[in-house]
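In: 3D, please:
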Amino acid sequence: MWHACASAKEGCHVNVCRSRVHPRGCGWNWPFCCALSSSELLSANECVPVAATKLMPNPSLTSNVGRHPKSRGIMNLEMRIGGASAIIQALCYVLGFALLATSMNPGNTDGWTQIQKLEFILERESLFAFWNIVIYVVFGAALVVLAVVLHRLLQPVASLAVSIGTPFGLIWAGLVVASGMVANVGLAWASGVYETSAEAAAQTWTVIGIVQDGIGGGVEVVGGIWVICISVAALRAGAILPKPINLLGLVVGICGAVTIVPALSDMGTIFGLLQIVWFVGIGVVLLRANGAQQVAEEEA
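Out: Predicted coordinates:
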């Protein structure tokens with residue numbers, strides 16, 4: 001639909017306008033001034049919005065974050081919160097792997113009975129409980145924050161991929177937290193039963209370990225799907241996250257997804273190690289970002 005331009009003094013030196021979707025697909029409709037001839041449309045960078053008092057764009061489509069200084073401040077805060085949560089997740093992984101390689105490493109357990117394995121854990125019960133809280137509960141809580149922040153950043157430019165991925169991220173967070181809580185509750189129960197029946201405690205702990213692995217301690221398929229979707233969305237957006245981080249994310253996601261195959265369950269370790277780099281990369285990018293202004297510059 002064609003509209004009359006407001007006036008030349010408002011920066012529109014032509015006399016007709018029409019409402020067009022921004023060619024970069026940024027998710028808003030805005031009336032752009034056009035040349036005298038309908039075939040002489042100005043480019044997106046040359047178009048000037050008509051005064052809002054003359055032509056009001058659709059509010060649901062013009063709410064692009066960052067058009068107002070206050071909105072840019074909110075986006076800056078959100079990106080920093082997301083960046084901090086990504087760094088927290090990386091630190092959780094680092095601490096978890098470090099403890100597994102040192103204080104929680106039993107060495108060669110060939111020939112150990114289930115009772116001996118449980119005894120090794122009970123001798124370090126507090127450390128194991130702390131490890132479960134960090135690697136599962138704290139990690140899961142930070143994951144919720146990061147999943148929501150990435151959803152808000154990527155939704156305007158890659159809505160389908162991120163809309164599919166975000167539920168997987170939130171489901172993964174719930175499974176991870178549940179896995180840690182099952183492990184800690186089960187450990188406390190096994191510790192109490194051990195005083196009266198070491199064999200019963202060992203058998204129960206074995207079952208608890210199987211349940212924990214099934215929920216989220218050993219199979220990383222849900223997390224892998226989330227990472228793949230986020231990486232695809234960011235690649236499609238061509239902004240927010242650098243291409244190397246997104247390509248690494250695809251590799252990380254595939255490593256996690258294939259753990260659903262029992263023979264490839266060891267890929268979970270590679271998934272965790274590579275994800276440390278992925279989380280650090282995301283964290284650094286979001287913490288250093290200058291909100292909507294930087295995102296817009298990257299899109300251009």
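
In: what is the neighbour count of L146?
Out: Close neighbours of L146, defined as other Cβ atoms under 10 Å, add up to 26. For every residue, glycine as well, the C-beta is placed using N, CA and C.

In: per-domain residue ranges of the chain.
Out: 1-64, 69-299 (automatic domain parsing).

In: just name the most buried of those.
Out: Neighbour counts (mean count of other Cβ atoms under 10 Å) averaged over each of the domains of the chain peak at domain 69-299, with a mean of 18.

In: about what we covered before: now the domains of the chain as CSV including mean pLDDT?
Out: Converted to CSV, the domains of the chain look like this (pLDDT from 0 to 100):
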stretch, mean pLDDT
domain 1-64, 37
domain 69-299, 89
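
In: show me what the helix or strand hosting P167 is packed against.
Out: Counting by DSSP states H and E, the element that carries P167 is helix 159-194. Judged by 3 or more Cβ pairs under 8 Å, 6 or more residues apart in numbering; DSSP states H and E, helix 159-194 is in contact with helix 114-122, helix 125-132, helix 139-154, helix 198-212, helix 221-237.

In: quick one: closest of those to A86.
Out: Judged by Cβ to Cβ, the one of these that comes nearest to A86 is helix 139-154, at 5.4 Å.

In: and the angle from that closest one to helix 221-237?
Out: 20 degrees (axes from the mean of the first three to the mean of the last three Cα atoms, to 10 degrees).

In: can you tell me what sits against helix 139-154?
Out: 65, 78-79, 81-82, 85-86, 88-89, 92-93, 161-163, 165-166, 169-170, 172-174, 176-177, 180, 226, 230, 233-234, 237, 240, 282, 286, 295 (Cβ atoms under 8 Å, 6 or more residues apart in numbering).

In: if we go to 6 Å?
Out: 78, 82, 85-86, 88-89, 92, 162, 166, 169-170, 173, 176-177, 230, 233, 237, 240 (Cβ atoms under 6 Å, 6 or more residues apart in numbering).

In: next: stretch 219-234.
Out: Contacts for stretch 219-234 (Cβ under 6 Å, 6+ apart): 150, 154, 158, 161-162, 164-165, 168-169, 171-172, 240-241, 246, 249-250, 252-253, 256-257, 259-260, 268, 271.

In: okay, stretch 211-227 in CSV with CA atoms only?
Out: Coordinates of each C-alpha in stretch 211-227 appear next as CSV, following Å, rounded to 0.1, in the frame of the first residue of the first chain:
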residue,chain,number,x,y,z
VAL,A,211,18.9,-44.8,36.8
GLN,A,212,21.1,-41.7,37.0
ASP,A,213,22.9,-42.6,33.8
GLY,A,214,19.6,-43.1,32.0
ILE,A,215,18.2,-39.7,33.2
GLY,A,216,21.2,-37.7,32.1
GLY,A,217,24.4,-38.8,33.6
GLY,A,218,25.5,-41.0,30.7
VAL,A,219,23.4,-40.3,27.7
GLU,A,220,23.8,-36.8,26.2
VAL,A,221,21.4,-37.0,23.3
VAL,A,222,19.1,-34.2,24.5
GLY,A,223,22.0,-31.9,25.2
GLY,A,224,23.5,-32.8,21.8
ILE,A,225,20.3,-31.9,20.0
TRP,A,226,20.1,-28.5,21.8
VAL,A,227,23.7,-27.6,20.9
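
In: roughly how far is that stretch from the heart of the chain?
Out: 15 Å (Cα atoms, centre = their mean, to the nearest Å).

In: could you do stretch 95-105 as well?
Out: 25 Å.

In: who touches stretch 83-98?
Out: Counting by Cβ under 6 Å, 6+ apart, 134-135, 138-139, 142, 145-146, 272, 276, 279-280, 282-283, 286-287 sit against stretch 83-98.

In: still on that earlier bit, what angle do the helix holding P167 and helix 125-132 make?
Out: 170 degrees.

In: just the angle between helix 159-194 and helix 114-122, please?
Out: 110 degrees.

In: give me the angle between helix 159-194 and helix 198-212.
Out: Using the same axes, to 10 degrees: helix 159-194 against helix 198-212 is 180 degrees.

In: L286 against G82, yeah?
Out: Yes: with contact defined as Cβ atoms under 6 Å, L286 counts as touching G82 (4.9 Å).

In: distance of I121 relative to R152?
Out: Using Cβ to Cβ, to the nearest Å, I121 is found at 41 Å from R152.

In: now for the helices and strands packed on helix 159-194, which one comes closest to S103?
Out: helix 125-132 (6.0 Å).

In: understood, closing this out.
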